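[1] need a 3D model of the following:
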Amino acid sequence: MNNIQTKEQKMRRRIINKAFNLMSRKGIDAVSMREIAQHIGVTKPVLYYYFKNKEDLCKSIIGEGVADFNKVLIERYKNGGSLHELATLAIRTHKEFFLKDKKNASFVLHLLSYSLNGKKGSQTFFRVKSERKKLFDGLLSRAERDGVIPKGSGGDIVHLISAVIAHFILNSYNFEFSFDKDFSQRMTDIIFLGVREYYKNK
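    Numbering: from 1, shown residues only. Have a look, this model is predicted:
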């Protein structure tokens, strides 16, 4: 049984890696499940054994990374990590992810385009974004209750952090932008200082 599981896990990982490379290059909407199967060298029934449709495949491509990231944030928070530390971690992790390989940003941009096409089963990007937002909303609501950040400012912090992350995605190809090693900490400091100053007299 273990050998069968290992073989299936290897095949699943192979499909994910090959599909990721193909989709990040050509676009998700432009690639059919038949083309993915041919690219990998398997039959369509084999591909559908592992993934029921393209939506399921896209979700699996990004799902593990998202789950790992969320787990790291939650564990850091449970172990006493401050909201400031978690925000810095979120920005730094995304910076490293998008700048280390242009294919990561390319895939996410293709995924956004695919999710905007309105077709049934093409909402992966927004589902993942919604899950991430729920996690941050929970952490920020608790921080507001504990007086760590001004009441009502949690949503603004989410928007500002998201804007910095979008900056990484959109400019991972642009060598005119430089992101030094202190960038994540500096952006976090600016966001929190700015929010506290703004809400000081509200």
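[2] ignoring the adjacent residues along the chain, who's closest to the residue nearest the centre of the chain?
    Residue closest to the average C-alpha location in the chain (Cα atoms, centre = their mean): residue 66, at 5.5 Å. Leaving aside its chain neighbours, residue 66 sits nearest to residue 128 (5.7 Å; criterion: Cβ to Cβ, 6 or more residues apart in numbering). Where you see a C-beta, it was placed from the backbone N, CA and C, and this is true even at glycine.
[3] dihedrals phi and psi, residue 30?
    The phi/psi pair for residue 30 (degrees, to the nearest 10) reads phi -80, psi -10.
[4] related to what we said a few turns ago, and the residue nearest to the centre of the chain, what pLDDT?
    Note for residue 66: predicted pLDDT of 74.
[5] assign a three-state SS to residue 149, would you?
    At residue 149 the chain is in coil, as set by DSSP: H, G, I helix; E, B strand; the rest coil.
[6] what helix or strand does residue 88 sit in?
    helix 83-100 (DSSP states H and E).
[7] in the chain, which spans are helices?
    2-26, 33-40, 44-50, 54-78, 83-100, 102-115, 124-145, 154-171, 183-199 (DSSP state H).
[8] JSON lines for these, including distance to residue 177?
    Formatted as JSON lines, the helices of the chain follow (distance: least, Cβ to Cβ, whole Å):
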{"stretch": "helix 2-26", "distance to residue 177": "21"}
{"stretch": "helix 33-40", "distance to residue 177": "33"}
{"stretch": "helix 44-50", "distance to residue 177": "38"}
{"stretch": "helix 54-78", "distance to residue 177": "23"}
{"stretch": "helix 83-100", "distance to residue 177": "10"}
{"stretch": "helix 102-115", "distance to residue 177": "13"}
{"stretch": "helix 124-145", "distance to residue 177": "23"}
{"stretch": "helix 154-171", "distance to residue 177": "5"}
{"stretch": "helix 183-199", "distance to residue 177": "10"}
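[9] surely the residue nearest to the centre of the chain and residue 130 touch.
    No. Contact between residue 66 and residue 130 fails when scored by Cβ atoms under 8 Å: they sit 11.3 Å apart.
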